[in-house]
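Trainee: sequence first, predicted model second:
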2 protein chains.
Amino acid sequence: MSKDCLVQCSANYMPLSPISFLERAAAIYGDKVSIVYGDQRFSWKETHQRCFKVASAFVHLGISRHDVVAAFAPNIPALYELHFSVPMAGAILCALNIRLDSPTLSLILQQLEAKAILVDHQHIEVVLQALDRLSQTKSNPPLLILIPEFDQSSSSPIDLDLPPGTLNYNDLLQVKAEPNFQILRPNNECDPISVSYTSGSTGNPKGVLYSHRAVYLNSLAAIFQSDMRKMPVFLWTVEMFRCNGWCFPWAVAALGGTNICLRNVSAKLIFEAIHLHKVTHLCGAPSILNILANASGNDQTREIKSRVEIIVAGALPAPQVLIKVAELGFNVSHGYGMTEALGPAIVTPCKPDQKQSQYNLMMEGVDVKDPNTMKSVEFDGKTMGEIMFRGNTLMLGYLENSKPVHEVFKGGWYRTGDLAVRHPDGYIQMKDRARDIIICGGEIISTLEVEAVLLTHPQVLEAAVVGRYDEVLGETPCAFVKLKEGFSDGGEASSRVIKEFCEGKLPGFMVPKVVIFGDLPSPTGKIQKFVLREKANLVGGQE
Amino acid sequence: MSKDCLVQCSANYMPLSPISFLERAAAIYGDKVSIVYGDQRFSWKETHQRCFKVASAFVHLGISRHDVVAAFAPNIPALYELHFSVPMAGAILCALNIRLDSPTLSLILQQLEAKAILVDHQHIEVVLQALDRLSQTKSNPPLLILIPEFDQSSSSPIDLDLPPGTLNYNDLLQVKAEPNFQILRPNNECDPISVSYTSGSTGNPKGVLYSHRAVYLNSLAAIFQSDMRKMPVFLWTVEMFRCNGWCFPWAVAALGGTNICLRNVSAKLIFEAIHLHKVTHLCGAPSILNILANASGNDQTREIKSRVEIIVAGALPAPQVLIKVAELGFNVSHGYGMTEALGPAIVTPCKPDQKQSQYNLMMEGVDVKDPNTMKSVEFDGKTMGEIMFRGNTLMLGYLENSKPVHEVFKGGWYRTGDLAVRHPDGYIQMKDRARDIIICGGEIISTLEVEAVLLTHPQVLEAAVVGRYDEVLGETPCAFVKLKEGFSDGGEASSRVIKEFCEGKLPGFMVPKVVIFGDLPSPTGKIQKFVLREKANLVGGQE
């Protein structure tokens, strides 16, 4: 067949970009509510207009294609809007974790060479400190743009000592968009749209780049994973600075849904939002389940009229928490993923009869492989291998000076560094992070399995297990445990109780040799096992 | 920002192709039912294996990348499987309208240069005639592969005089796939996957080419348009040879749903399938609504337990039919599209309060434009313009010797040839095919509007209006009417009744001057107005 007849032109080919979702939402769902924030409401037409204006202002301020625009804000409407306005200016969004300290932030800003940083008024201090540090290097400081609280007009003076030249987000919105301004769509759909920093469970934050194509497709994958239909009501409990809120800012626009923005998360606010706005979906870290399960009776008794879908990613809490949350009327699924895969790539319903590894629709391959031979492991529930992914919803790469991307993509698969077995029905059971596994006298110990047992103890709130150096065995398991409120640790006595609890439930070599009580270090939401490992080796044997 | 860090490799980029949907369905929904056909059941694992085997057999038979494989079959499992097996062999599927006559079929086969044609046993005669005609040209005849009825084993002799070398579909399945056979995924996602012939409302069948990328994205769009969730049950009432069944063969695989295949469509079979298999979705020409509304009470009384979504594309039937179908428990939407746009591109719920033009999620632009200036028309409900589309779910082009594609893509938009107005709320109201419009003494008459009035007459089953030459006015409207069963046309008397019926409801110049009774020509499912126009001008004035 001759190919003369095939045409690729602007009529039948346009680079995939989630910008299109906003344009379509404005055209089809124009008068429907796009964002709710406290008493504030926006329509999709308004959100589109606001993003268009801000994009125009960015270009006017000299931000060019592929420049980085950073943001330091909680889940407020402005951060939602930046997910569209920054790409509409051709630039790359970096939504930063608002729990970063100023030294780390200043390092990241230096690496990013951000042209501008938009900062929520409540989080300005740490950014000013970071900028101060940055000014001691040769780096060009980013333009600072303050996001005031919503009802503050731009003219009201802000009680802060801001550097000269600081702009105000409201001013960007009040600038009349250039009449001839045209948004800068990507020339190529594989151009970068955003950079996300991993939360540093290894102590080495990495800037992970996403493409327009990847986030477009992953937004659709997120819709399928969360079983969304037209016009969902999405409650913002997952932070937009985590893998761009798992692509939900774009996914909700694709379906003309409503975003319920929350500055802070609490049981009261969640139940109130469900009641007031008929929330259909919410996501986040598993701690959200603890918040729901432990809410006061007052909050919980608000009737949940229709099914609310929750996806949590991270280590699951104790089984009784899951049961309680299900009783309250939530439908919980457990996501497994990472920043490099744009968030949860595998989502499994938290139901005993549904042990399916439902990987994301756009993932082309999900496998457990021997990392040396690249052969798939047997479906025997025993042989361990590394979980590997391939597909269009993986990162473009790491920012320079970060981890070499060729290493993690070696062999044409993304190597997650996580170990798992494959069951006869195909179910992928995660065993541990490759670096977290404990090898104790030749026996392999999955720290996740030990943690799962610890969490079934009625007094345990959080638990983490790491390897501790042992002259004879190489390593032995050391448990860090945070007890529930009202339970005080009785030192060695409690330690014995915990160990005895484990003894009936785990093989002897898996029972923690040392138990340490106290808060677990998770400054950015993920438990830092590298900190615990250091601590474990400093503590004298309490065996 | 340096771009050294960006990587495009097989880990994070794979050409989009709906082949992936089948592979994923086999991995995740392996034991779930993929296809039901009479008593026959397949699982997704089986469907994947069968398609893999057939793909391997195609390659073994010498079919190469970009060769065309034609099919001539109703909605049987084999035609479903070919939607995957042909692309898995790197080839291009052409599912042909089984109502084509042998002269047209032979012309199409000549144009296609098909390497093979798979033919349903009930439709072999017309294909044999077409091949006979083809043998009189210099064209290489395609390899003939017979698809027997499902329970016929390959060894049972077929009572047909088949040319030597004819193969049997069951034999392809029994061939052991080459152990090292690897499916031929597209090198480029814009490579063609299928060619669909428009049903020839203009009398000039055109071969329309689709790409892997377009059908991948349109499958997802179809899911959103029909509001499908995981594991839908899709009843095959829309023919797979129409724009590849609007991409639903691939969409259903993406969601791990169940395909209920039907060789023929009848009210009894539809209601039976809904009852037995809990059908969630069905699609088709609007005639399906007539079938449902006019079903015997016996069939209709079968309870419809949960909502069944229907999308129909084409001129809607009389309002009372819609009301009746809604009463039966169906949720009807009306699609507007064409082969060039891979099926319905705009879907509007058939509810008076929902006059939204919900265009397909992957459409980047839907507009009503002045075809000369390319300016959008005013949203005034009055100014007519041409409906135009742009986006990733449009055809690649026409097969050579067909209509020049540059003409329809001129200006970077696909020109539909359909006229419409835009209402203040954005709603696109279609007025007529550009070529079907009647200009009567300077007044523009939308034949659709006249037809809509005719269809409200209690005795009218079908109606079509065309222009008829008039010395004074240029053209006047001429109505072709088919009455419902039980009503006989009383010649001039009936004609007067129809005209009088219209008089109160339409401006004088829009009332048909001539009314002709009888069957309407629609050999391929779409009323051929070009035939009616000829007929109108042959008929003496009955004014």
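Mentor: Arrived safely, thanks for sending. Numbers count the residues shown, from 1 in each chain, chains lettered A, B, ... in the order given.

Trainee: CA only for contacts and neighbour counts going forward, please
Mentor: Fine.

Trainee: any stretches of the stretch 351-500 of chain A with poor pLDDT?
Mentor: Low-confidence segments of the stretch 351-500 of chain A, defined by pLDDT under 70: A:352-356, A:401-403, A:490-493.

Trainee: tell me the residues of it that contact chain B?
Mentor: A:356-359, A:361, A:364, A:389-400, A:405, A:409, A:412-414, A:426 (C-alpha under 8 Å from any C-alpha of the partner chain).

Trainee: outside of stretch A:455-471, which residues touch it?
Mentor: Stretch A:455-471 is touched from outside by A:317-319, A:436-439, A:447-448, A:450-451, A:454, A:475-484, A:487, A:498, A:501, A:512, A:520, A:527, A:529, A:532-533, A:536-537, with contacts defined as C-alpha atoms under 8 Å, 6 or more residues apart in numbering or on different chains.

Trainee: let's see which of the residues of the stretch 351-500 of chain A next to chain B end up in helices.
Mentor: Counting by DSSP state H, those place residue A:405 in helices.

Trainee: so residue A:16: helix, strand or coil?
Mentor: Three-state assignment for residue A:16 (DSSP: H, G, I helix; E, B strand; the rest coil): coil.

Trainee: and it, how many residues sit next to it?
Mentor: Residue A:16 has 24 neighbouring residues, counting by other C-alpha atoms under 10 Å in any protein chain shown.

Trainee: need the contact list for it.
Mentor: Neighbour list for residue A:16: A:189, A:212-213, A:216 [criterion: C-alpha under 8 Å, 6+ apart].

Trainee: related to what we said a few turns ago, using PyMOL, define a selection of the buried residues within the contacts of stretch A:455-471.
Mentor: Selection of the buried residues among those in PyMOL, burial being defined by 16 or more other C-alpha atoms under 10 Å in any protein chain shown:
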select buried, chain A and resi 317+318+436+437+438+439+447+448+450+451+454+475+476+477+478+479+480+481+482+483+498+501+512+520+527+529+532+533+536
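
Trainee: so for the strand or helix carrying residue A:118, mean pLDDT?
Mentor: Element membership of residue A:118 [criterion: DSSP states H and E] is strand A:116-120. Average pLDDT, strand A:116-120: 97.

Trainee: with stretch A:133-146 instead?
Mentor: Stretch A:133-146 shows a mean pLDDT of 89.

Trainee: tell me the buried residues in it?
Mentor: A:133-134, A:141-146.

Trainee: now do stretch A:264-274
Mentor: Going by neighbour count (16+ other C-alpha under 10 Å), the buried part of stretch A:264-274 is A:267, A:270-274.

Trainee: stretch A:179-191 now?
Mentor: Under 16+ other C-alpha under 10 Å, the buried positions of stretch A:179-191 are A:183-186, A:189-191.

Trainee: per-domain residue ranges of chain A.
Mentor: With domains defined by automatic domain parsing, chain A comprises A:37-210, A:438-538.

Trainee: can you tell me which residue is spatially central in chain A?
Mentor: residue A:242 (3.0 Å; C-alpha atoms, centre = their mean).

Trainee: and that one, backbone torsions?
Mentor: phi -100, psi 110 (degrees, to the nearest 10).

Trainee: I'd say residue A:69 and residue A:116 touch.
Mentor: Yes - with contact defined as C-alpha atoms under 8 Å, residue A:69 reaches residue A:116; the gap is 5.0 Å.

Trainee: so what's the residue in the stretch 251-400 of chain A positioned nearest to chain B up against?
Mentor: Of all residues in the stretch 251-400 of chain A, residue A:390 sits closest to chain B, with a separation of 4.4 Å (C-alpha to the nearest C-alpha). Listed by C-alpha under 8 Å, 6+ apart, the contact set of residue A:390 reads A:363-366, A:412-414, B:10-13.

Trainee: let's go with 6 Å and repeat that
Mentor: A:364-365, A:413, B:11-12 (C-alpha atoms under 6 Å, 6 or more residues apart in numbering or on different chains).

Trainee: residue A:120 too?
Mentor: For residue A:120, the contact set (C-alpha under 6 Å, 6+ apart) comprises A:73, A:147.

Trainee: bridged to it, which residues?
Mentor: Note on residue A:120: beta-bridge partners residue A:147, judged by DSSP bridges.

Trainee: show me which parts of stretch A:62-79 are buried, residue by residue.
Mentor: For stretch A:62-79, using 16+ other C-alpha under 10 Å, the buried residues are A:63-79.
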